[in-house]
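In: Sharing a model prediction with you, sequence too.
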Amino acid sequence: MDYSKTTKPLKTAGGRQTASCGLAMWICFMGSAFFTGCGKRAPIEPAVGMDSPEQTWVRVLLFGNLDQCTIAAPGGFIVEGIDNGVTAEFSDTQPMRLCLENGRIRIGHHRVGQDVMIRSKDPYYFLVDDAGFRGNLHVRVTEDGTRIQMINHVPLESYLLGVIGAEMYSYWEPEALKAQTVAARTYCLAIQHRFGPARLWDVTRVQSSQMYHGLAAENARIRQAVLETTGQILVAKGNDGSEAIFPAYYSSSCGGHTENSQAVFGEDWINLPGVACPWCEKITRRRDFFWGPVDYPIDGVSHRLMERYPVLQRLERIIDVNVLETGSHGRINTIELIGTNGQKDRLRGEDFRLALDPSGLRLRSTLVELIKIKDGIRFDHGRGFGHGVGLCQYGAQGLAREGCDYTEILSFYYPHARLVRIQTTAAQ
Ligand SMILES: [Zn+2]
């Protein structure tokens, strides 16, 4: 894999935080209590350069529909009103209730506005209820005025500390952790670029983006993987011939062969090719690698699909499903749906799987056989776990055990990609 170095930072939406207004009114709420930390351990080290605007920042949706919570910060925090320009400093380190009052956000006894940036002070982290998150919190009232949205603005490298330990066992091989870190960093920046600043957040903290557990996921081994790959991302030539960052997808276990991204997601910018991967089967317990049977009554299938995709109601009720296209390695890529009125529609296999089982824990992959049974369908002889595109996490661990370093693991799962380094942290 080629390795080139560049100091050119990516332009990131997360870095555009609201600057303090020169005319802002300062109010100080002084407190004397010591920070108790709610019994949680302190982070291993403070985030680097939190007070520098030179960071690449990520905006993570923590809560889209919050009623209330408590917040606390060991160093206190500053609230900046995005909508009203009022700035208030809270030095009380005890947990305070954050809730809605007459359509405005209330923290402790103070109403602070409808749209605020809450900036943590050194050591730059919050406890939201019992969960620790580094960085700042953008808190706003939802459009309908009834709930609270909370978005964590966090430097990219600090964000990764909270992702890698949530996505992979931290006791796994260091080279597997490093490969995972580069993939997660690349994926996050690619998604950030794809959606841009118009959306108030770049990624969620759940599986639909990548898991993010904040401070709870951090430990020394994760920190080492992040530090040793700081700023390293993958780029590849797209179908238009230009080289750029791309969503470096990854999943738990590919079941023996990864699938090309176009077949699963219909990506049109880059097509990640599928590769044979014997490594995940070697190290996964047999009962975790092979799965099935899983049965669904056809009425349940119809109900779940129409709930997820209301447009399918034009079929009235789904009475039959057929596999229309299977990938060259056995993955179900397209499903045909047939309605009581004779009309037909189709869904991508992955969308079909997650509509039937949003958790993905029962229907673990589309590398499975679909069998008709009386009044329903059966998924049997399944293999692997996840969508199967890009890096196979169990496979990466297998390759690391065989002695491959993280650059070899990455070039195995992203064969046309090139590793480059960008500046993601403030110059020291
Ligand atoms: Zn695999």
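Out: Great, that's in hand.
In: Tell me which stretches of the stretch 151-300 of the chain form strands.
Out: 203-204, 232-237, 243-245, 250-251, 290-291, 294-297 (DSSP state E, counting those that start in this stretch).
In: now do the stretch 1-150 of the chain
Out: Counting by DSSP E, counting those that start in this stretch, the stretch 1-150 of the chain has strands at residues 3-5, 25-29, 57-66, 68-72, 77-81, 86-90, 96-101, 104-107, 110-113, 115-120, 125-128, 131-134, 136-141, 148-155.
In: now do the stretch 301-428 of the chain
Out: 318-326, 332-339, 344-348, 369-373, 376-380, 382-383, 391-392, 418-421.
In: Deepest in the core, which of the strands of the stretch 151-300 of the chain is it.
Out: Neighbour counts (mean count of other CB atoms under 10 Å) averaged over each of these peak at strand 250-251, with a mean of 26. C-beta coordinates here come from the backbone N, C-alpha and C atoms, glycine included.
In: Show me what it packs onto, helices and strands only.
Out: Secondary-structure packing of strand 250-251 (3 or more CB pairs under 8 Å, 6 or more residues apart in numbering; DSSP states H and E): helix 174-195, strand 391-392.
In: can you do 10 Å?
Out: Secondary structure elements in contact with strand 250-251, counted by 3 or more CB pairs under 10 Å, 6 or more residues apart in numbering; DSSP states H and E, are helix 174-195, strand 391-392, helix 393-401.
In: which other residues reach that strand?
Out: Applying CB atoms under 10 Å, 6 or more residues apart in numbering, the contact partners of strand 250-251 are 167-168, 179-180, 183-184, 186-187, 207, 210, 258-259, 264, 280, 360, 365, 384-396, 413-414.
In: and the ion, which of those residues contact it?
Out: Contacts with the ion within the contacts of strand 250-251, counted by CB under 5 Å from the ion: C280, C392, G395.
In: circling back: could you dump the helices and strands packed on strand 250-251 to JSON lines with mean neighbour count and mean pLDDT?
Out: Converted to JSON lines, those look like this (neighbours: other CB atoms under 10 Å; pLDDT from 0 to 100):
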{"stretch": "helix 174-195", "mean neighbour count": "24", "mean pLDDT": "97"}
{"stretch": "strand 391-392", "mean neighbour count": "28", "mean pLDDT": "98"}
{"stretch": "helix 393-401", "mean neighbour count": "25", "mean pLDDT": "98"}
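In: Output stretch 341-349 in CSV with nothing but the alpha carbons.
Out: Coordinates of the C-alpha atoms in stretch 341-349 are reproduced here as CSV (Å, rounded to 0.1, in the frame of the first residue of the first chain):
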residue,chain,number,x,y,z
ASN,A,341,-53.6,-6.9,-6.0
GLY,A,342,-50.9,-8.6,-8.2
GLN,A,343,-48.6,-5.6,-8.1
LYS,A,344,-44.9,-6.1,-7.5
ASP,A,345,-42.1,-4.1,-6.0
ARG,A,346,-38.5,-4.8,-5.0
LEU,A,347,-36.1,-4.1,-2.2
ARG,A,348,-32.3,-4.4,-1.7
GLY,A,349,-31.5,-7.5,0.4
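In: So for that stretch, mean pLDDT?
Out: Averaged across stretch 341-349, pLDDT comes to 96.
In: From the chain's centroid, how far away is it?
Out: 30 Å (CA atoms, centre = their mean, to the nearest Å).
In: cool, and stretch 148-157?
Out: 12 Å.
In: what's the average pLDDT for it?
Out: 96.
In: again with stretch 269-288
Out: Across stretch 269-288, the average pLDDT comes to 92.
In: May I have the distance across it, first residue to last?
Out: Taking CA to CA, to the nearest Å as the measure, stretch 269-288 stretches 33 Å from start to finish.
In: do stretch 376-391 as well
Out: End residues of stretch 376-391 are separated by 34 Å (CA to CA).
In: hmm, back to that, which one of the strands of the stretch 151-300 of the chain lies closest to F195?
Out: strand 203-204 (9.1 Å; CB to CB).
In: need the contact list for N260.
Out: Applying CB under 10 Å, 6+ apart, the residues near N260 are 267, 271-275, 327-329, 331, 333, 388-390.
In: The spatially closest residue to R383 that is not a sequence neighbour: what's it in contact with?
Out: Closest residue to R383 apart from its sequence neighbours, by CB to CB, 6 or more residues apart in numbering: G255 at 3.4 Å. Neighbouring residues of G255 by CB under 10 Å, 6+ apart: 277, 280-281, 284, 289-291, 329-331, 364-368, 382-386, 388, 392, 394-395.
In: any low-confidence regions in the chain?
Out: Scanning the chain for pLDDT under 70 picks out the ranges 1-53, 268, 426-428.
In: For the chain, what lies in contact range of the ion?
Out: C254, C277, C280, C392, G395.
In: Show me what the fourth one is bridged to.
Out: In this entry, C392 is beta-bridged to S251, by DSSP bridges.
In: how many neighbours does the nearest residue to I335 once chain neighbours are set aside have?
Out: Leaving aside its chain neighbours, I335 sits nearest to F352 (4.6 Å; criterion: CB to CB, 6+ apart). Neighbourhood size, F352 [other CB atoms under 10 Å]: 26.
In: got the strands of the stretch 1-150 of the chain as CSV, with mean neighbour count and distance to G241 columns?
Out: Listed next are these as CSV, based on neighbours: other CB atoms under 10 Å; distance: least, CB to CB, whole Å:
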stretch, mean neighbour count, distance to G241
strand 3-5, 10, 18
strand 25-29, 12, 53
strand 57-66, 20, 29
strand 68-72, 19, 48
strand 77-81, 22, 44
strand 86-90, 19, 49
strand 96-101, 16, 49
strand 104-107, 19, 48
strand 110-113, 18, 48
strand 115-120, 22, 41
strand 125-128, 24, 43
strand 131-134, 23, 39
strand 136-141, 22, 38
strand 148-155, 23, 33
